[in-house]
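>>> Requesting a structural model of the entry that follows:
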Amino acid sequence: MPSSNVTDRINMWDAAVFVGIVLSLGGIVLFSDEPVTPGLIALAALTFVYVGASVFDDVREHPVYNLAAAVCTVLLFGGIYLIESYQGVIFLALTVLSVFGVVVETYNYRYGTSYLRIDT
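Okay, here's the model as predicted:
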């Protein structure tokens, strides 16, 4: 039976990373002279949802978690590429490589394998 205590169901290191990301992005928005664009808000929201959900053990242990992480990576790199007005060639390359990761993780999910995955 799962524990009813919240601290037993979360990873404290991941929670600390989540708090660090929230504080960092909050500081950037607070102290920046640039206007906050809708694209930046969308990328920040995607980051908050993914990292915030990853704090919970049940989420990280779900079979679809690695596939969701790969899709999130494609969306982040693709979003940055679009926000940069198609000028960040490195982000285009990272988006294409991330799409390869989605294909691999889809195969891994479908067949229950862990090819090309670094398990820690």
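>>> Which pLDDT value belongs to Met1?
Here, the pLDDT recorded for Met1 equals 55.
>>> let me fix that: Arg9
88.
>>> just checking, it touches Val59?
No - with contacts counted by Cβ atoms under 8 Å, Arg9 stays clear of Val59, the gap being 9.8 Å. All C-beta spots, glycine's among them, are computed from the backbone N, C-alpha and C.
>>> what about the two, which has more around it?
Val59 (17 against 14; other Cβ atoms under 10 Å).
>>> Which of the helices or strands spans the residue lying closest to the more buried one once chain neighbours are set aside?
In this structure, Val59 finds its nearest non-sequential neighbour in Ala53, 4.8 Å apart by Cβ to Cβ, 6 or more residues apart in numbering. For Ala53, the element it lies in under DSSP states H and E is helix 38-54.
>>> quick one: that helix to chain centroid distance?
8 Å (Cα atoms, centre = their mean, to the nearest Å).
>>> Give me the buried stretch members for it, please.
40, 43-44, 47, 50-54 (16 or more other Cβ atoms under 10 Å).
>>> Export it to CSV, keeping only CA atoms.
Output of helix 38-54 as CSV, limited to C-alpha atoms (Å, rounded to 0.1, in the frame of the first residue of the first chain):
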residue,chain,number,x,y,z
PRO,A,38,3.9,34.1,-25.2
GLY,A,39,6.6,31.7,-26.5
LEU,A,40,8.6,32.1,-23.4
ILE,A,41,5.6,31.6,-21.2
ALA,A,42,4.7,28.4,-23.1
LEU,A,43,8.3,27.0,-22.7
ALA,A,44,8.3,28.0,-19.0
ALA,A,45,4.9,26.3,-18.5
LEU,A,46,6.0,23.2,-20.2
THR,A,47,9.2,23.1,-18.1
PHE,A,48,7.2,23.7,-14.9
VAL,A,49,4.7,20.9,-15.7
TYR,A,50,7.4,18.4,-16.7
VAL,A,51,9.9,19.0,-13.9
GLY,A,52,7.1,19.5,-11.3
ALA,A,53,5.5,16.2,-12.2
SER,A,54,8.9,14.5,-12.2
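>>> Which elements pack onto it?
Counting contacts by 3 or more Cβ pairs under 8 Å, 6 or more residues apart in numbering; DSSP states H and E, helix 38-54 is packed against helix 12-31, helix 65-83.
>>> Okay then, goodbye and thanks.
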